[in-house]
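Asks: mind folding the following:
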Amino acid sequence: MKLGSNTFSKHLKTDQFSEPLIFWDTSFPAAIILEIGTRRDAAIYFAEKLLKDNVCIAFSTHLCSEMVNLIVINKVMLGEGLKSNKEAKKVIDKDPSIISSYIQDIHEAVDNFYGLLGLFKDRFYAILPTEPVVAKSIVEIKTKYKLNQGDAMHIGTMLTSQQRDIAAFDDDFYKVDGINIWCKY
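Replies: So this is what the prediction gives:
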C-alpha cells in the first residue's frame, strides 16, 4: 500500500495544491502517539481539524527516523520507570539489548504512527532533504537560530519548499523568523 508521496522540495510549491498545506515537526505526531494530557488532546483536536478541512501535510523524511527513535526511548523510559528521555538514552547506550524487552510496545507505537499518516491517504508528502539548497539552508538555520540538527532539518526543508506553516509543540521554533506555528496549547 502506497501512502502519500515522496518528493523533492523543488517539486513542492504552493501553487500545486488546491488544499492548504502544513508541515509537521516530530513534536506533533509524538504528542499524539506518545503523550497523555493537554498536549495530546490539542494535537488530536488539530489533526482531526486538518483531516476535516482536507489539509495536506508535509514533513522531512527525517521525521520518520526521529519518531522511531523517540518511540524506542519512550517505551524504555516507561518500562524501566525512568523519569526522563535523557535517562532512557543512557540506559539504551549502556545496554542496547534492553530494547528487546519492549519490542511489542515499540511495534504497536510504530504502527500507530504510520496509521496516523495513513489517515491522510494521498494528502501527505515526505520530503527528501537531499538537494544542495536544502542542505545549505539547514546549516544556515542551525547556525543562525542555534537549533539542533533535527529542528534545523525540518525548518530548512520547510522554508526551501516555500512553506511557512508548521504544526509543532517545540518552543525552539519561536526563535525562527517568518514561520507560523500551529498547535500552541
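Asks: packing partners of the helix or strand harbouring residue 118?
Replies: Assigned by DSSP states H and E, residue 118 belongs to helix 103-119. Using 3 or more CB pairs under 8 Å, 6 or more residues apart in numbering; DSSP states H and E, the elements in contact with helix 103-119 are helix 27-34, helix 38-52, helix 62-80. In short, each C-beta sits where N, CA and C put it, glycine included.
Asks: dump those helices into CSV; add distance to residue 172 and mean neighbour count as well.
Replies: Output for these, formatted as CSV (distance: least, CB to CB, whole Å; neighbours: other CB atoms under 10 Å):
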stretch, distance to residue 172, mean neighbour count
helix 27-34, 10, 23
helix 38-52, 16, 15
helix 62-80, 14, 19
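Asks: where does this structure have low pLDDT?
Replies: Within the chain, the segments meeting pLDDT under 70 span 1-19, 184-185.
Asks: any idea which residue sits dead centre in it?
Replies: Per CA atoms, centre = their mean, the C-alpha nearest to the average position across the chain is that of residue 26, at 2.2 Å.
Asks: returning to what we had before: just put the helices and strands packed on helix 103-119 in JSON lines and tack on distance to residue 156.
Replies: As requested, the helices and strands packed on helix 103-119 are exported to JSON lines (distance: least, CB to CB, whole Å):
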{"stretch": "helix 27-34", "distance to residue 156": "17"}
{"stretch": "helix 38-52", "distance to residue 156": "23"}
{"stretch": "helix 62-80", "distance to residue 156": "10"}
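Asks: and residue 131, which of those helices is closest to it?
Replies: Minimum separation from residue 131 across those (CB to CB) falls at helix 62-80, 14.0 Å.
Asks: list of residues touching that closest one?
Replies: Helix 62-80 is contacted from outside by 24-26, 29-30, 33-34, 82-85, 87-89, 91-92, 98-99, 101-102, 105-106, 109-110, 113, 126, 129, 150, 153-154, 157, using CB atoms under 8 Å, 6 or more residues apart in numbering.
Asks: show me what counts as buried in the helix holding residue 118.
Replies: When burial is assessed from 16 or more other CB atoms under 10 Å, helix 103-119 yields the following buried residues: 105, 106, 109, 110, 113, 116, 117.
Asks: now do stretch 162-177
Replies: Under 16+ other CB under 10 Å, the buried positions of stretch 162-177 are 163, 165, 166, 167, 168, 169, 170, 172, 173, 176.
Asks: which phi and psi does the fifth one have?
Replies: Put plainly, it is residue 168. Main-chain dihedrals, residue 168, degrees, to the nearest 10: phi -160, psi 150.
Asks: and for the closest residue to it other than its chain neighbours, the neighbour number?
Replies: Distance criterion CB to CB, 6 or more residues apart in numbering; nearest residue to residue 168, sequence neighbours excluded, is residue 25 at 3.7 Å. Using other CB atoms under 10 Å, residue 25 is surrounded by 25 other residues.
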